[in-house]
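> pasting the structure only:
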């Protein structure tokens, strides 16, 4: 027998009340599925490292400082949760000391300065690691165009800018002078100054010459050449003697300064000189994923950074792994393996 009309009415009312609940449940389930699909790429990025690190660079007007600024910008795009605090310094020697003391997490330093620190038995030297070979510094000896100096041995008795005490320039200057038979402390008048002041001092005739180690072109030397006649002294003939002086000098290589490096220099032509690699370095205690991310950002940012730091255009996967005298940090090594270097 069919239910009476009042019963049918109650069943119909109950069915109507259930439908919105069913519809709502279906809508919630559908939204959950769609949300999961849409948010999956975002959730997948949660593995990117977070926090902050300190990068020790160099003098505020130098290439190290500008490279650090550009790398910070690249990292902001690659891993927004990881930020870099930049600290200026006198250069490679101070940067190494900051790393081993815990004042910095990453730093830029030349291979010869690192080798010298290792050779001298510096504290924590065994725990230094590298993330990437960045670009080469070219060692440059700048003199006025009318200077009688034609080789390093001619600097005897002269006022020579040799870089700041904790820079990478000063150890290089010391070794070059020694290779030419000169003692930096007794055979010349050493002036401890940086690239931010040496060009002005040369123009004002308060210096007879100065050493510099930097990427090509170095803007301070470019600017000096615009209003002062200068030239560059060849250094390449000192390489054999440098190698005999000690293992820390094994990281210098023969190089040439091409004419277009500084087109405003009077009589500019190919100059035989020396080059040494710059490395991005850290400690073996640095977290794996952070070292991996910094290495990734170095490679990712090559083209953008290279627009302003021209030497950085040479950074690539084939050269970045050659970080002697340091071993690669495991995080950096895993990055290179992941991209099949």
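Everything's here; your move. All figures in this text were calculated on a predicted structure; none of them were measured in a lab.

> which is the next helix or strand following the lengthiest strand in the chain?
In the chain, with assignment by DSSP state E, the single longest strand is strand 128-144. Per DSSP states H and E, the first helix or strand lying C-terminal to strand 128-144 is strand 159-161.

> parallel or antiparallel, list what pairs with the strand or helix carrying residue 272.
In the assignment (DSSP H and E), residue 272 maps to strand 271-283. Take DSSP bridges as the rule and strand 271-283 pairs in its sheet with strand 106-110 (antiparallel), strand 128-144 (antiparallel), strand 253-257 (antiparallel).

> can you tell me what sits against whatever helix or strand comes next after that strand?
Using DSSP H and E, the helix or strand that follows strand 271-283 in sequence is helix 288-300. Contacts with helix 288-300, where a contact means C-beta atoms under 8 Å, 6 or more residues apart in numbering, come from 47-49, 51, 53, 71, 74-75, 78-79, 82, 105-106, 129, 131-132, 134, 280, 282, 315-317, 320, 329-332, 334-336, 339. (Glycine included, C-beta is placed from N, CA and C.)

> measure residue 89 to residue 183 for me?
The spacing between residue 89 and residue 183, counted by C-beta to C-beta, to the nearest Å, is 27 Å.

> those two - which one has more neighbours?
Using other C-beta atoms under 10 Å, the more surrounded residue of residue 89 and residue 183 is residue 89, with 28 against 12.

> low-confidence regions, the stretch 1-150 of the chain specifically.
For the stretch 1-150 of the chain, the stretches flagged by pLDDT under 70 are 1-46.

> try 80
For the stretch 1-150 of the chain, residues meeting the criterion pLDDT under 80 lie at 1-46, 61.

> quick one: the helices in it?
For the stretch 1-150 of the chain, helices defined by DSSP state H, counting those that start in this stretch occupy the ranges 5-44, 63-78, 92-101, 111-119.

> picking up where we left off before, so how far is the longest strand of the chain from its chain's centroid?
A distance of 10 Å separates the centroid of the chain from that of strand 128-144, by C-alpha atoms, centre = their mean, to the nearest Å.

> and that strand with helix 288-300, angle?
Orientation check (axes from the mean of the first three to the mean of the last three C-alpha atoms, to 10 degrees): strand 128-144 against helix 288-300 gives 40 degrees.

> how about strand 128-144: buried residues?
128-144 (16 or more other C-beta atoms under 10 Å).

> and stretch 115-126, by the same measure?
So for stretch 115-126, counting by 16+ other C-beta under 10 Å, buried means 115, 116, 117, 118, 122, 124, 125.

> end to end on it, go ahead and measure it.
11 Å (C-alpha to C-alpha, to the nearest Å).

> OK, contacts around residue 283?
99, 100, 105, 124, 127, 128, 129.

> kindly recompute the last result at 10 Å.
99-100, 102, 104-107, 124, 127-129, 291, 329 (C-beta atoms under 10 Å, 6 or more residues apart in numbering).

> what of residue 176?
Counting by C-beta under 10 Å, 6+ apart, residue 176 touches 139, 141, 152, 155, 162, 182, 184, 211, 235, 238-239, 241-242, 245, 249, 252, 274.

> drop anything exposed from those.
Neighbour counting with 16+ other C-beta under 10 Å marks 139, 141, 152, 155, 162, 182, 184, 211, 235, 238-239, 242, 249, 252, 274 as buried within the contacts of residue 176.

> the longest strand of the chain to helix 92-101, inter-axis angle?
Using the same axes, to 10 degrees: strand 128-144 against helix 92-101 is 160 degrees.

> by how many degrees do strand 128-144 and helix 111-119 diverge?
120 degrees.

> got the angle between strand 128-144 and helix 63-78?
Here the directions of strand 128-144 and helix 63-78 differ by 140 degrees (the same axes, to 10 degrees).

> show me where pLDDT drops low in the stretch 201-341 of the chain?
Across the stretch 201-341 of the chain (using pLDDT under 80), the flagged ranges come out as 266-269, 310-311, 314, 340-341.

> does the spatially closest residue to residue 226 that is not a sequence neighbour sit in a helix, a strand or a coil?
The shortest distance from residue 226 to any non-neighbouring residue, by C-beta to C-beta, 6 or more residues apart in numbering, is to residue 264 (5.6 Å). Assigned with DSSP: H, G, I helix; E, B strand; the rest coil, residue 264 falls in the coil class.

> looking at it, residue 72 is touching residue 79, isn't it?
No: between residue 72 and residue 79 there is no contact under C-beta atoms under 10 Å: 11.2 Å.
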